[in-house]
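Trainee: take this sequence and fold it.
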Amino acid sequence: MAKPQQYQPPRRKEPGLLGNLISALAQLVVWLIISLMLSITIEWVGMVWFWPEQGSEHAKAVLATDQAYLNQQLYDQSIVIKNDIVATTHQAVTWIAQQSWFETIIQSVPSASTGSFGVFQEWVYDSYQRYRDYLQASTYVTQTFVIRLALILFSLPIFVIAALVGGVDGLVERDLRRWGGGRESSNVFNLARRSIVPAFVAACVVYISLPFSISPVVVILPFACLLGMAVRIAFERLKKYF
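Mentor: Numbering: from 1, shown residues only. Down below sits the predicted model:
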């Protein structure tokens, strides 16, 4: 009697290069949104506990300092795309500053002296006046978020150079290991390969979430070195033979 064939589930199709790219971009967007929410939350907590006397002026001062960092990119006229990025960033910052839709809605609603709607309108207006400084601070933080995104774009060559240096050094070490009979470790390779993207994402999250202004090089450079080290280890631990 013939044995019944065992059911084999269909093999899961691995995503291609385009699928991986779209997935990585989607994850980056999600982390950027999380960074924006985190930076706003940190600013609000600071307004309550750390700089209550400054209020939203603290976020405004951070915005002005980061704006000065961005304006320094205008000195280099050799690359046209840099001027385009700076101009687009300025337009985005100006557009965010003009979005006072909540205050416009409150002022456009006719006043009602009696009834439940009048009580609700008065409560909304009082709440807006009470937390107006926090909403203004969130506007400044959002503008700073856009400016820091532009500064991260200008810092991309640092990550590229770090990855190239790490890749070349890793390939040299791989050849030395190949001809020297060294051992392989797939666990180390997989761990290093999976650490490349988080190193870049962590740089974005940390720099965007900082509640104070600092030169982007101070934050970007250490994470670029970590990314270069991860690339070096990944290339070093590649298989000796394919």
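Trainee: pull the CA atoms of stretch 23-43 into PDB?
Mentor: What follows is stretch 23-43 as a C-alpha-only set of coordinates in PDB (Å, rounded to 0.1, in the frame of the first residue of the first chain):
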ATOM      1  CA  SER A  23      10.100  48.100   3.300                       C
ATOM      2  CA  ALA A  24      13.200  49.900   4.500                       C
ATOM      3  CA  LEU A  25      11.800  53.300   3.400                       C
ATOM      4  CA  ALA A  26       8.500  52.600   5.100                       C
ATOM      5  CA  GLN A  27      10.300  51.700   8.300                       C
ATOM      6  CA  LEU A  28      12.500  54.800   8.100                       C
ATOM      7  CA  VAL A  29       9.300  57.000   7.700                       C
ATOM      8  CA  VAL A  30       7.800  55.300  10.700                       C
ATOM      9  CA  TRP A  31      10.900  55.900  12.800                       C
ATOM     10  CA  LEU A  32      11.000  59.500  11.700                       C
ATOM     11  CA  ILE A  33       7.400  60.000  12.800                       C
ATOM     12  CA  ILE A  34       8.300  58.400  16.200                       C
ATOM     13  CA  SER A  35      11.300  60.700  16.400                       C
ATOM     14  CA  LEU A  36       9.000  63.800  15.900                       C
ATOM     15  CA  MET A  37       6.500  62.600  18.500                       C
ATOM     16  CA  LEU A  38       9.400  61.900  20.900                       C
ATOM     17  CA  SER A  39      11.000  65.300  20.400                       C
ATOM     18  CA  ILE A  40       7.600  67.100  21.000                       C
ATOM     19  CA  THR A  41       7.100  65.000  24.200                       C
ATOM     20  CA  ILE A  42      10.600  65.800  25.400                       C
ATOM     21  CA  GLU A  43      10.000  69.500  24.800                       C
END
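Trainee: state which helix of the chain is the longest.
Mentor: For the chain, the longest helix by residue count, based on DSSP state H, is helix 17-49.
Trainee: just checking, what packs against that one?
Mentor: Applying 3 or more Cβ pairs under 8 Å, 6 or more residues apart in numbering; DSSP states H and E, one finds that helix 17-49 contacts helix 56-71, helix 132-154, helix 196-209. The way it works is simple: take the backbone N, C-alpha and C, and place the C-beta from them, glycine included.
Trainee: which secondary structure state does the nearest residue to residue 58 once chain neighbours are set aside sit in?
Mentor: Distances taken as Cβ to Cβ, 6 or more residues apart in numbering put residue 51 closest to residue 58, at 4.8 Å, once the chain neighbours are dropped. Here residue 51 is recorded as coil under DSSP: H, G, I helix; E, B strand; the rest coil.
Trainee: and residue 213, by the same measure?
Mentor: At residue 213 the chain is in coil, as set by three-state DSSP.
Trainee: now it. Nearest residue, chain neighbours left out?
Mentor: Distance criterion Cβ to Cβ, 6+ apart; nearest residue to residue 213, sequence neighbours excluded, is residue 65 at 3.6 Å.
Trainee: pull the number of nearby residues for the one you found.
Mentor: Residue 65: 16 surrounding residues under other Cβ atoms under 10 Å.
Trainee: surely it meets residue 210?
Mentor: No - look at residue 65 against residue 210 with Cβ atoms under 8 Å: they stay out of range, at 11.3 Å.
Trainee: tell me, how many residues neighbour residue 227?
Mentor: The number of residues packed near residue 227 is 24, by other Cβ under 10 Å.
Trainee: my guess is it meets residue 159, correct?
Mentor: Yes - checked against Cβ under 8 Å, the pair residue 227 and residue 159 is within contact range at 5.8 Å.
Trainee: output stretch 228-238 as CSV, nothing but the C-alphas.
Mentor: Provided in CSV are the C-alpha atoms of stretch 228-238 (Å, rounded to 0.1, in the frame of the first residue of the first chain):
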residue,chain,number,x,y,z
GLY,A,228,31.4,51.5,9.1
MET,A,229,32.4,49.0,11.7
ALA,A,230,29.3,46.9,11.1
VAL,A,231,30.0,47.0,7.3
ARG,A,232,33.6,46.0,8.0
ILE,A,233,32.6,43.0,10.1
ALA,A,234,29.9,41.9,7.7
PHE,A,235,32.4,41.9,4.7
GLU,A,236,35.0,40.3,6.8
ARG,A,237,32.7,37.4,7.8
LEU,A,238,31.5,36.7,4.2
